[in-house]
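> From the sequence below, what's the structure:
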Amino acid sequence: MVAGQANLSPLAAQSFLSISRDGGQSWVENPGATAGIWIGADVSGDGTRIAAVQFQGGGLFMSVDNGTTFTPVALPATVSTAPPGPSFESVTLTQDGSRVVAAIRNGPVIVGDVGATGAVTWLTPTGLPTSAGWRSVDSSASGDVIVAVAEDPVVFVSRDGGLNWNPLAVIVGADPILDQNWYRVKVSADGLTIAMAGNLFGGNEGNGIYVSKDSGITFERAIDLVGDYTAIAMSADGGVIGATLSNPSGTGTGQVLLSTNGGTSFAPLPVNVGGTPAADTDWRAITMNADATRMAVAAGRFLTNGTGQIYLSTGTAPPPPTTTTPTSSTPTTTTTTLITPTSSTPSGTSTTSTLAQQ
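Numbers count the residues shown, from 1 in each chain. Model prediction:
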């Protein structure tokens, strides 16, 4: 598992990536990946390859040895390195780690093939806007289906491994969705299930989670909860989908949402430690393994440098709620108990901005 910390304060020391090889029970900080504002990471299916990106003048880093060492990746000429430099937002790897795709908020979406040493040979994708305020990208296991979302708002899809792209219209019933400042997207292993949500960072809070079960042909708004969605996780088959929301600008608190019926409905997932509700509510990141038997959520406030912890859960996901009303926000009857991992790094009490696991 990989955790990256984000701290925007110029007075605070920037952090390194933290790596866990025991399911998140313990962590080791990896100084090989230079200190910075870590915002995105992805791991290949066997865990040997890790891609991680930094926000605000950072870069893309690759590891091909389970996170023991990281190497900065030379970027294509389409990425401007002029100050303040590229602000990466998201990165995805194919299941075998052979292809990497990254989204840059103040630049393009870039696509490349990863060699044995971690060096990347960059491709020339067609059909994408040069810049659109790109926020997130994710791919199917093979990399054939890739979806990129932006705050502008636009959604683009590639069905040939990132070489050619086309706009993807998000239509619910007969209504095109044009008012979402898209922030995060997740794609199932077969590329059929796509889940997306928006965030205030792009202009407006998201008004729900949008889910497609036919690779983007049709969409449903699976929950109509308005809020700042910060992350989405999904099991390999798309049957379990998790999402996090941060504390809103006004009243209320953030929460973790879970669907165990492929996004037909979502319900709040209480985060309890030993039966006691977690003190954290400003949820920032979520990840789960392929069969959804392991989940991790992390808290922290990105812009205000608010700190939070990482919580782990193991076991079987609770059953779907008895009602399948897409707009349901009733809490699940099964409460997931999470534990706080031990840590030899600041990642246990930091502004954790990204979580990734194989």
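
> Three-state assignment for the residue nearest the centre of the chain, please.
The residue lying closest to the centre of the chain (C-alpha atoms, centre = their mean) is residue 231, at 4.8 Å. The three-state label given to residue 231 by DSSP: H, G, I helix; E, B strand; the rest coil is strand.

> for it, what are its contacts?
Under the criterion of C-beta atoms under 8 Å, 6 or more residues apart in numbering, the neighbours of residue 231 are 184, 243, 244, 283, 284, 285, 286, 287, 355. C-betas here are computed from N, CA, C, even on glycine.

> among the residues you listed, which are in strands?
184, 243, 244, 283, 284, 285, 286, 287, 355 (DSSP state E).

> Return the set of residues that bridge with the last one.
By that I understand residue 355. residue 3 (DSSP bridges).

> picking up where we left off before, filter the contacts of residue 231 down to the buried ones, ChimeraX style.
The ChimeraX command for the buried members of those (criterion: 16 or more other C-beta atoms under 10 Å) is given here:
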select :184,243,244,283,284,285,286,287,355
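
> Look up which residues are beta-bridged to the residue nearest to the centre of the chain.
Judged by DSSP bridges, the bridge partners of residue 231 are residue 244.

> same check, this time on residue 54
Bridge pairing for residue 54 - DSSP bridges - gives residue 38.

> burial of it, as a residue count?
27 (other C-beta atoms under 10 Å).

> That one touches residue 35, doesn't it?
No - using C-beta atoms under 8 Å, residue 54 is not in contact with residue 35, being 9.1 Å away.

> can you list the ones in strands among the contacts of residue 231 in TSV and add distance to residue 311 and pLDDT?
Formatted as TSV, the ones in strands among the contacts of residue 231 follow (distance: C-beta to C-beta, whole Å; pLDDT from 0 to 100):
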residue	distance to residue 311	pLDDT
184	19	97
243	15	98
244	11	96
283	10	93
284	12	91
285	11	94
286	10	96
287	11	95
355	10	71
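
> Distance to residue 273 for these - can I get that in TSV?
Formatted as TSV, the ones in strands among the contacts of residue 231 follow (distance: C-beta to C-beta, whole Å):
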residue	distance to residue 273
184	26
243	20
244	17
283	14
284	17
285	18
286	16
287	18
355	17
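
> ok, of those residues, which one's closest to residue 128?
Nearest to residue 128 among those, counting by C-beta to C-beta, is residue 184 at 18.4 Å.

> Tell me what that closest one is bridged to.
Note on residue 184: beta-bridge partners by DSSP bridges are residue 197.
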